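> everything below, folded, please.
(2 chains)
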Amino acid sequence: MSTASVPLPAWINYGLIPLLNLILAFFFSGLVVWAIGESPFEALQLLLVGALGRGEGIGFTLFYTTSFIFTGLSVAVAIHAGLFNIGSEGQAYLGGLGAALVALAMDSYVPWYVTMPFAVIGAALFGAACAAIPAWLQAKRGSHIVITTIMFNFIVSSLMNYMLVRLLIVPGKMAPETRTFLPGGQLPKLDWLIAMFGGKIGAAPFNFSFLIALVMCFLVWVLIWRTKLGYEMRTLGISPTAASYAGIRYSRIVMITMLISGGLAGMMALNPVMGASARLQIEFVGGAGFVGIAVSLMGRNHPAGIILAALLFGILYQGGAELSFDMPGITRDMIVVIQGMVILFAGALEYMLRPSIVRLYQQLTGK
Amino acid sequence: MSLDSPKEPAIELVGIDKKFGTVHANKNINLTVAKGSIHGIIGENGAGKSTLMSILYGFYQADHGEIRISGKPVTIRDSQAAIAVGIGMVHQHFMLVENFTVLENVMLGAEGGQLLAKGVASARKELKRLEDDYGLEVDPDGIIEELPVGSQQRVEILKALYRGADILILDEPTGVLTPPEADHLFKVLRVLRDQGKTIILITHKLREIMAITDTVSVMRRGEMVATRKTAETTVEELAELMVGRRVLLHVEKGAANPGAVLMSVRNLTVKDSRGVTMVDDVSFDVRAGEIVGIAGVAGNGQSELLEAIAGIRKPSSGEIFIDGKPVAGVDPAGLRDLGLAHIPEDRHHMGLVLKFEEYENSILGYHRDPRYGRGPFLDLDAMRKDAEEKIAKYDIRPPNPRLRTANFSGGNQQKIVVAREIERDPKMLIIGQPTRGVDIGAIEFIHKRIIEMRDAGKAVLLVSVELDEIRSLSDRILVMFAGKIVGEKSGEAGEQTLGLMMAGIAA
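You can find the predicted model right below:
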């Protein structure tokens, strides 16, 4: 028995330890900032004010958060079944095509709330389709899902290049993107939500897909912990031999899980494509799929944790952008370093502090 | 060799104390082992035997206490240090490189220089000497994976001796051996003792303690509760010391009353994942109201046979009938619907999901049943109520359905599985190693439930590597060797007869 199996109260496990990890991450990021000759405290202040100081900043933060919730859920669902889906990036990218085709087809005929459910389905279907082949290869041929989903990121990237450059481009234009959707193909901004807290949304693209993301969080929670399918997924994820003993069919669960995972990744596209730019652009995912891995890891694969972790990364993205704008010494790459620190301490080194905290806890409680 | 031997002690443990978090694994242990003796340590699973030996071998450090070897206090930080002070360990699971020769395995880690040739020559000479001195005959050029298990174990002993061990710790050494192989091991151990080596034997088998040891110490819940000269104690006394109360060592059961054939296996052949035939043209029947035991040394195809009947492993040919219906190709869920319950050999990897809470495991395999939730949903309240009922009926401790399954003791984990499978009131029950790693108290309980199932007219197929268990429970015994059923005996068959059949010597 090691300290890893010593039970700790939830507030330490889910509150104190992540908080300490985060403080460590900021401490080392601060060292880096200090080393290049800037003030770490000023940088932290700029970052926080940039992300949370004004209504517009909050709007941007929540816009990024929305994307990360979708991709975080996508990764988490797969992890519960023991599958490491690294293809959320590609699945989200292809999901954008699904959303865009629905929007292009319907925007001139119906209002947004009619288009929206079809766009959700379209995005999910295209995302799921992108996950289907790796899932099938894993289920039936044993090809490792990590490898195949990574490869599909590249395949989708090339496919989307072709689609946008050759087929969907507006004739006569140079930019590889679709035409701008009419309001019938756009998701409305959630300016009223920001206004409720006394802020102004300004130019921030915070939109309706945030609410879809929250609904998905609830549905994923129900799926994993309140349904028989979720029970089978978790059994397979923890113990494939116990699953086969229990008569849980491996290939069936792998297929269903990956379709759901791909579908959730695909829905991420609603946010940038229909909520922000109102058109399908090249490389619009911008790494959100990969951030989803960190978000899921940090959020302990639980929807509530994912919301918080997505918010943290939203703050880092938005605050980081402001920071690099305000502090010339800190470049865009510097922000990536800081984000990397957070991923390192909150994700990879998640259990680094645990043994000493367990010992301290035992001393304090006298057990 | 006895406690009042004039010889100095080889090992003295003084006040050894070790905690793992809230678990007090070793409480102030004092132990003295005389030089040139065989000292047994018995105790139930989780009594702290392994922890104590791990401290002696340097895997763990004691929180308090002192280790003295030949009277001198020593600090053992790792296995290197243990070897340096002359302690060798033979693990339950062999630490051998399977595709190396005996000589190469013995030399491993003690090659003596950058170039092999010189080391090989001297190692060969030394190995020859050890074999002659201790009667440990093994072919130095034999490949490990081609050797029988008994010889592999002798290689482990040779490895320890080659490194100059004067003290040998053997952890459950007979678990993988046939009775004749175990006898051979005991012969070797006696020679080693007579040549002045000190041997510590960890086991939970009382018979072995009586057969081989000079002195015996009993551990219970982290404490050393007694040390006795073997000649002056009895199996009953030791069992009582281990469990802390009187236990029934023999199962009481009446005559069987076999009815119709419920399960039959015809010409069944099963291959493992490498394509090796593990079950070879096996046929037998199990009737309602009887227990059919399959005896055999681990690895002779029993596991694959069970998995094939349970629908987990696809047979390559042959047929399985349940209630007269052919069921080859039906999956485990379908077989459960037909009334087949399965208590698997390996509760850690098959029978339970250790990370699940107890109540989640008490529905594993039956989770689609509407009583645990309508349609696609799970009804957590119904699941927990169901689990609580089983916990009460099977006295599962601690009685908490929300506790992680990994935190239950082996015996209680097994009770979770047994309760789940038996409470479904199946028609047929197939059981693998029902009491492996289970304490004596729980063994008694589980055996009673199995007999009750038989008396209620269920067909029971039992696989166990514990010959005592097979003999005390079974109405008929089939012996399996190298994938074939080499004979059938009544439940009263003698141990020797069965032992020889298990070794493939006599039918």
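> buried set for the helix or strand A:Ile155 falls within?
A:Ile155 is part of helix A:145-162, with elements assigned from DSSP states H and E. Of the residues in helix A:145-162, those buried under the neighbour-count criterion (16 or more other CB atoms under 10 Å in any protein chain shown) are A:Ile145, A:Thr148, A:Thr149, A:Met151, A:Phe152, A:Asn153, A:Val156, A:Ser157, A:Leu159, A:Met160. In this view, the C-beta of every residue, glycine as well, is placed from N, C-alpha and C.
> then stretch B:346-363?
Burial within stretch B:346-363, assessed by neighbour count using 16+ other CB under 10 Å, is assigned to B:347-348, B:350-354, B:356-363.
> same question, stretch B:391-410
Using 16+ other CB under 10 Å as the burial criterion, the residues of stretch B:391-410 that qualify are B:Ile391, B:Tyr394, B:Ile396, B:Asn400, B:Pro401, B:Leu403, B:Arg404, B:Thr405, B:Asn407, B:Phe408, B:Ser409, B:Gly410.
> flag the shaky bits of the stretch 201-350 of chain B, pLDDT-wise.
B:247-249 (pLDDT under 70).
> picking that back up, closest to chain B out of the buried residues of helix A:145-162?
When the buried residues of helix A:145-162 are compared for distance to chain B, the smallest value, 20.3 Å, is given by A:Ile145; criterion: CB to the nearest CB.
> for the nearest residue to the closest one once chain neighbours are set aside, what are phi and psi?
What sits nearest to A:Ile145 in space, not counting adjacent residues and going by CB to CB, 6 or more residues apart in numbering or on different chains, is A:Gln138, at 4.4 Å. With angles defined as degrees, to the nearest 10, A:Gln138 shows backbone torsions of phi -70, psi -50.
> give me the distance between A:Gln138 and A:Val146.
The span separating A:Gln138 from A:Val146 equals 9 Å under the rule CB to CB, to the nearest Å.
> quick one: contacts for B:Arg190?
When the contact criterion is CB atoms under 8 Å, 6 or more residues apart in numbering or on different chains, the partners of B:Arg190 are B:Ile38, B:Ile212.
> what about whichever strand or helix holds it, average pLDDT?
Secondary-structure assignment from DSSP H and E places B:Arg190 in helix B:179-194. Confidence over helix B:179-194 (mean pLDDT, whole number) is 88.
> list the buried residues of it.
Residues B:Pro179, B:Glu181, B:Ala182, B:Asp183, B:His184, B:Leu185, B:Phe186, B:Val188, B:Leu189, B:Leu192, B:Arg193 are the ones in helix B:179-194 that count as buried (16+ other CB under 10 Å).
> list the contacts for the closest residue to the last one other than its chain neighbours?
Once its chain neighbours are removed from consideration, B:Arg193 has its nearest residue in B:Ile38; the separation is 5.3 Å (CB to CB, 6+ apart). Taking CB under 8 Å, 6+ apart, we find B:Ile38 in contact with B:Met1, B:Leu189, B:Arg190, B:Arg193, B:Ile199, B:Leu201, B:Ile212, B:Thr213, B:Asp214, B:Thr215.
> quickly list what B:Ile38 is bridged to.
For B:Ile38, the beta-bridge partners are B:Ile199 (DSSP bridges).
> count the neighbours of A:Ala269 for me.
Residues within reach of A:Ala269, counting by other CB atoms under 10 Å in any protein chain shown, total 33.
> quickly find the element holding the spatially closest residue to it that is not a sequence neighbour.
Nearest residue to A:Ala269 in three dimensions, chain neighbours excluded: A:Gly96, at 3.6 Å (CB to CB, 6+ apart). Under DSSP H and E, the secondary-structure element containing A:Gly96 is helix A:88-106.
> show me which positions of that helix end up buried.
Buried residues in helix A:88-106, counting neighbours by 16+ other CB under 10 Å, are found at A:88-104, A:106.
> where's stretch B:68-84 relative to the chain centroid, distance-wise?
A distance of 29 Å separates the centroid of the chain from that of stretch B:68-84, by CA atoms, centre = their mean, to the nearest Å.
> just flag the most distant two among the buried residues of helix A:145-162.
Pairwise distances among the buried residues of helix A:145-162 were taken by CB to CB; the largest, 21.5 Å, belongs to A:Ile145 and A:Met160.
> packing partners for the helix holding A:Gly96?
Under the contact criterion of 3 or more CB pairs under 8 Å, 6 or more residues apart in numbering or on different chains; DSSP states H and E, the helices and strands touching helix A:88-106 comprise helix A:55-80, helix A:112-136, helix A:145-162, helix A:250-267, helix A:288-298.
> any bit of the helix or strand bottoming out on mean pLDDT in chain A sitting next to chain B?
Among the helical and strand segments of chain A, the one scoring lowest on mean pLDDT, DSSP states H and E is helix A:10, with a mean of 77. No. Shown here: helix A:10 not in contact with chain B (CB under 8 Å from any CB of the partner chain), separated by at least 12.9 Å.
> thank you, goodbye.
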